[in-house]
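> my questions are about this predicted structure, shown below with the sequence.
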2 protein chains.
Amino acid sequence: MRKNERNIYLNSVDLDEATAILKDSIRGSKRSEVVEVSQAAGRVCAQAVFARVSSPYYNASAMDGVCVRYERTVEANEKKPLRLKKDVDYKIVDTGDAIDAPYNAVIMIEDIREFNSETIEIFAACSAWQHVRSVGEDIVKGEMIVPSYHKVKPVDIGALYAGGISQIEVIKKPIVTIIPTGTELVESPKDIAHGKIIDSNSRMFEAMAADAGAACKRLKPVIDDFDLIKKTVADACEDSDIVIIGAGSSAGTEDYTRQGIEELGEVLFHGVSIKPGKPVVLGKVNGTCVVGTPGYPVSAYFVFEYFVRSAINQYLCQADTQRESAAATLANRVVSSLKHLEFVRVKLGSVGGKMVAAPLKRGAGVTMSLVNADGVLKIPKNVEGYEAGQEVRVELMKDIGEIERSIVSIGSHDIMLDMLNDLLHKGEGNMNLSSTHVGSMGGIAAMSGGNCHFAPVHLLDETTGLYNAAHIKKYLKDTDCVLVKGVRRTQGIMVHKNSEKKIERIADLAQDGMVFANRQKGSGTRILVDYQLNENGVDASDIEGYERVVGTHMMVAMAVASGSADAGVGVMSAARAMELDFYPIGEEDYDFVVRKDFLDTEKFAAFMDALKSDELRQALDGFGGYKYPRIGEVVQV
Amino acid sequence: MRKNERNIYLNSVDLDEATAILKDSIRGSKRSEVVEVSQAAGRVCAQAVFARVSSPYYNASAMDGVCVRYERTVEANEKKPLRLKKDVDYKIVDTGDAIDAPYNAVIMIEDIREFNSETIEIFAACSAWQHVRSVGEDIVKGEMIVPSYHKVKPVDIGALYAGGISQIEVIKKPIVTIIPTGTELVESPKDIAHGKIIDSNSRMFEAMAADAGAACKRLKPVIDDFDLIKKTVADACEDSDIVIIGAGSSAGTEDYTRQGIEELGEVLFHGVSIKPGKPVVLGKVNGTCVVGTPGYPVSAYFVFEYFVRSAINQYLCQADTQRESAAATLANRVVSSLKHLEFVRVKLGSVGGKMVAAPLKRGAGVTMSLVNADGVLKIPKNVEGYEAGQEVRVELMKDIGEIERSIVSIGSHDIMLDMLNDLLHKGEGNMNLSSTHVGSMGGIAAMSGGNCHFAPVHLLDETTGLYNAAHIKKYLKDTDCVLVKGVRRTQGIMVHKNSEKKIERIADLAQDGMVFANRQKGSGTRILVDYQLNENGVDASDIEGYERVVGTHMMVAMAVASGSADAGVGVMSAARAMELDFYPIGEEDYDFVVRKDFLDTEKFAAFMDALKSDELRQALDGFGGYKYPRIGEVVQV
């Protein structure tokens, strides 16, 4: 019975309301422990800490020099220096030395003339207690050094020791237990197999929980067995503050989270109106928060970052941190549903003096979009989205300095972009190549919109058979740009090594029973495919799979390698990387359209160094299919 | 000989130049180690990491529903539903299940009607591979997940596992050994004694080094013995990347750092033109960086944060992080020397819609100014300073959210401000009372300048004998403000418990041999003292110490407690805290002048709650000398 019942979301609450319910369920559960101050960085003080001793602990010289009685110096002046006797009138002191009776002032070394080894001359009277740090000048005994719930910083540690404190009471780290569920999960990448998924979410959760200040226990994946999951959750609740159940919170047949919580305790809500991340379950079992999280990595990330983190903050008596944000101009229109608060991952880059935000893929399964994201654009519920060119506020996922060191590339993909990124990142300035892959014509559009520093393109002019210049002249006549020559690369048909079909020429693509993996419209490869189909008199509608498109050479190669397609067209390097057979159909120029105002920058110089480097050439030679007749040449178009 | 030679700064280089020399001396010393990805958060990749497996590893359902052959569905439409047989035409799938031949598409559960337990109806044809996540849709085998020198984030950990990576090569943490020096240092606060200083800098360094990504070894303090220090440094250089010598880098008689480095290796420079922090020595001993740091805590902090941190970054192949900053309006004029890059600590607060920066004490010994600082205003070399009201850029030392949660108080000090801060920080909103103590008239000036939310004052009107209202009328007639009544508190003469002098009345202050500790002009207490001296016919010039002023009641109490003064005037709570005898001379009203536009805010509500709380009253009753006849009453003046 249980197995085929489908969960229905009980209700769908707004994130703010969900967070309030979560925090309310935790309130008042503070526990504390005593730790050494030296180990307290990042911990939260359970109560205010007051200095036990003053600092300085005694009247201390603030200078290197001599200490004197100020009364003895009243007659000294520039014209009539006063001579003082060592150990009678003065004593040599270094900074920090005690100034004790009868001494009550210090004269700096610079203001003294040595008359002989036992006598000095001074040229001005001094005032009482000059250059003396009085007892407690820094910290007075009994003074509050840090208040309750203060998160300890390194400077606080110094001040606490100076105030005589070597141990403090801090709030205990909440214990977060993470239970990955799913019969398909394997814990170790070694065990990956058909139908299996490497449990990566619990690893991400583990690191996020530690970062948020929690103590974390990650369990091994539990198979989809209701009683086993329920028992594991019940056991975890015994000694945890928060239990996270990975996957199993949506409405699938094997999604047991809600029912399990209901039987063990109470479900507070099921479903939060955020996207990605909607199928969250929150429950309470014997005082422990139980959170059912969705299984898709991006959903899992947002649920943790914008929801579970609040629970950890509440345990630690901390307000939720305001994330650093930046104003940015949207490169493309973003449409959102009115029903959700939507989190859109964006790439950011500073182009021509403005910060540009380019939305990334929105699929919940695309982990790499999280790795590559620079920030998150939040589109509130009841907002339909934002227009291209609109100024928006983006919460940052990376350091703003790192973002400002980014070179923004939008256009066609080639493996060399990864290599260039690596070379730039290894270089002096720790720069990044922040690249978005939207095909060559997408790159031209981004250039025209002022949204990137350069666009990598390979665009065949069908009338001349030449590459790139014609498209720049046609589409970028109002944009100040040049062409920087990249590589000549070999395009061809990719076929599985074990394929029994004979697919070696363009004409072979139309045979019966053959499935093709195509590229999206506007990509250079699609233009090439259509051109060659036409040249070879092949009707596209005869090719099965012509309508099914993917976004990069590697994705085409992958479709062939995995058997979901028999053939595709792409560059030799992609075929080699996937160990496919490769039948060349031609060579093309993969170049860079570059903004003119980018040419005089440090970033461009670093890019050119990387482009012309031996390291890049060696890496590309390793893949095969690349030539470099004019690499790095700047061409005015 | 050595003992009485004074070091002279070899030269004084600019911070940028110093940092360049430091980084150059480290370049090329990268070492790496292999760690589990699960332990890699915050570590730096030694090389680019490429996916070993694709994710998904197989064609996977993207939805809960059924999988079908898309060819079988072409005839389905809304008017004529198509019936499909279980295990013949379809199979039930959950998200993540494998879609294997002959199936090649998924229909969502929502788009299906159950006809009977073995039959479903569908209402639309489906396209090939719809709702199927293709192999490699997220991560393609061979794809670069993160580049060289990338600092691993939690999301990267998820992606690395998903890409089949469980171990990565990371750059080794540089080993930083910290050697505190000084015969006067004690390691444990328990051992504090006259002439001794608790070694707090090395504790701060230890936490800062860990925060910067280094592995840290802190040694016990070494006494001022040249040979011993030299041997300790030589030993530390054997197995460290960076050796920090605490204190001993300035020009005192016992400052051995420069000479020690010279004998062991090479001094690269001595003296950096920053303030505080000038006396830095950088040396190189057998490939190890040796940094001599100044002993004053604030100098030590800036040398670490703005100099040593760059060395750690260089070892980790990371560019220096750009610190988060904010624009702010300067509350007071700041003057700087043309010879140094100066770091001025500031308090920040959002007052009346603008961010206000109030400079803190600039002494290098004032650790608490670092604890309390919200940010750092950098005044470049060759800039004389900034005017009050000028907009400046401030590097933040605290989270901007924390700063925006601050209630800004500038004015007279009372112990209750610490209590209020604690109560506010413990409260729901984690607010802070950010208070600067400049005396009552300083508070009136800050109110008039729009630099604070409120000013605590106790200002006696000498003509009426009443408190506060008269001064508001006189000095704040152009400022929209009200008076919120605080406490009535007892002022009196504080005398050391063991004093042999009879000092019980104001008239007793003029006796011979008695030393007084006074308050600064503009403080409410100073006004009271002067008023009472006048009333009692005492001539201020007859009082020894009348000219020596300190900034708070607690500082006066401390001066008396430490014996540097025989008597002072202040509130009973301060006398009690320092266990002094106390002779009342009168009562006064300590109230709050509050901006009118602050009254309607959440912050003010929280402040009023704290002010009227039982907790505050109990704490103040514990100190003694407080009455609460009108506490929290709002008075229009």
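Perfect, I can see it now.
> since we're on A:G443, how many residues are nearby?
32 (other CB atoms under 10 Å in any protein chain shown). The way it works is simple: take the backbone N, C-alpha and C, and place the C-beta from them, glycine included.
> pull up the gap between A:K378 and A:R83, please.
75 Å (CB to CB, to the nearest Å).
> looking at the two, which is more packed in?
The neighbour count for A:K378 versus A:R83, taken as other CB under 10 Å, is higher for A:K378 (20 against 13).
> contacting residues for that one?
A:L341, A:E342, A:F343, A:V344, A:E395 (CB atoms under 8 Å, 6 or more residues apart in numbering or on different chains).
> who's the second one bridged to?
Just to be clear, that refers to A:E342. A:K275, A:I379 (DSSP bridges).
> A:G283 belongs to a strand, doesn't it?
Yes: looking at A:G283 with DSSP: H, G, I helix; E, B strand; the rest coil, it is inside a strand.
> neighbours of it, how many?
Counted with other CB under 10 Å, A:G283 comes out at 26.
> right, and it touches A:E266 too?
Yes: using CB atoms under 8 Å, A:G283 is in contact with A:E266, at 6.0 Å.
> where does chain A have low pLDDT?
A:1-11, A:249-255 (pLDDT under 70).
> distance-wise, check the residue of chain A positioned farthest from its centre relative to chain B.
Distance from the C-alpha centroid of chain A, by CA atoms, centre = their mean, peaks at A:K80 (68.9 Å). A:K80 sits 24 Å away from chain B, going by CB to the nearest CB, to the nearest Å.
> with A:K23 instead?
From A:K23 to chain B the distance is 10 Å (CB to the nearest CB).
> got the contact list for that residue?
A:K23 neighbours (CB under 8 Å, 6+ apart): A:S310, A:A311, A:Q314.
> okay, the host helix or strand of it in PDB with CA atoms only?
Taking DSSP states H and E as the criterion, A:K23 maps to helix A:15-26. What follows is helix A:15-26 as a C-alpha-only set of coordinates in PDB (Å, rounded to 0.1, in the frame of the first residue of the first chain):
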ATOM      1  CA  LEU A  15      10.000  31.100   2.900                       C
ATOM      2  CA  ASP A  16       9.700  33.900   5.500                       C
ATOM      3  CA  GLU A  17       6.900  32.100   7.200                       C
ATOM      4  CA  ALA A  18       8.700  28.700   6.900                       C
ATOM      5  CA  THR A  19      11.800  30.300   8.500                       C
ATOM      6  CA  ALA A  20       9.700  31.800  11.300                       C
ATOM      7  CA  ILE A  21       8.100  28.400  12.100                       C
ATOM      8  CA  LEU A  22      11.600  26.800  12.000                       C
ATOM      9  CA  LYS A  23      13.100  29.400  14.400                       C
ATOM     10  CA  ASP A  24      10.100  29.300  16.700                       C
ATOM     11  CA  SER A  25      10.500  25.600  17.000                       C
ATOM     12  CA  ILE A  26      14.100  26.000  18.200                       C
END
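> given the next helix or strand after that helix, what are its sheet partners and their directions?
Sequence-wise, the next helix or strand downstream of helix A:15-26 (DSSP H and E) is strand A:32-36. Applying DSSP bridges, strand A:32-36 is found paired with strand A:167-171 (antiparallel).
> does chain B sit close to the helix or strand just after the partner strand?
The C-terminal neighbour of strand A:167-171 among helices and strands, as given by DSSP H and E, is strand A:175-180. No: Strand A:175-180 lies out of reach of chain B by CB under 8 Å from any CB of the partner chain, never closer than 11.1 Å.
> so how far is strand A:175-180 off the chain centroid?
23 Å (CA atoms, centre = their mean, to the nearest Å).
> who touches it?
By CB under 8 Å, 6+ apart, strand A:175-180 touches A:199, A:201-202, A:205-206, A:209, A:214-222, A:229, A:232-233, A:236, A:239-247, A:308, A:312.
> swap in stretch A:552-563?
A:413-415, A:437, A:494-496, A:517-519, A:525, A:550, A:565-571, A:573-575, A:577-580, B:54, B:58-59, B:134-137, B:140-143.
> name the residues of the stretch 301-450 of chain A found near chain B, please.
Residues of the stretch 301-450 of chain A lying near chain B (CB under 8 Å from any CB): A:301, A:317-319, A:321-322, A:324, A:363, A:365-368, A:370-371, A:397, A:399-401, A:404-405, A:418, A:421-422, A:425-426, A:429-430, A:432.
> let's go with 6 Å and repeat that
Contact residues, the stretch 301-450 of chain A versus chain B (CB under 6 Å from any CB of the partner chain): A:319, A:321-322, A:365-368, A:370-371, A:399, A:401, A:418, A:421-422, A:425-426, A:430.
> which parts of stretch A:202-219 are buried?
A:202-214, A:216-219 (16 or more other CB atoms under 10 Å in any protein chain shown).
> restrict the residues you listed to contacts with chain B.
Answer for these near chain B (CB under 6 Å from any CB): A:R203, A:M204, A:A207, A:M208.
> for the second one, what are phi and psi?
Dihedral angles of A:M204 (phi, psi; degrees, to the nearest 10) stand at phi -60, psi -50.
> ok, it - contacts?
B:P154, B:I157, B:G158 (CB atoms under 6 Å, 6 or more residues apart in numbering or on different chains).
> re earlier: please convert the buried members of the residues of the stretch 301-450 of chain A next to chain B into PyMOL selection syntax.
Buried members of these, defined by 16+ other CB under 10 Å, are picked up in PyMOL with:
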select buried, chain A and resi 319+365+366+367+368+370+371+399+418+421+422+425+426+430
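> I appreciate the help and will end here.
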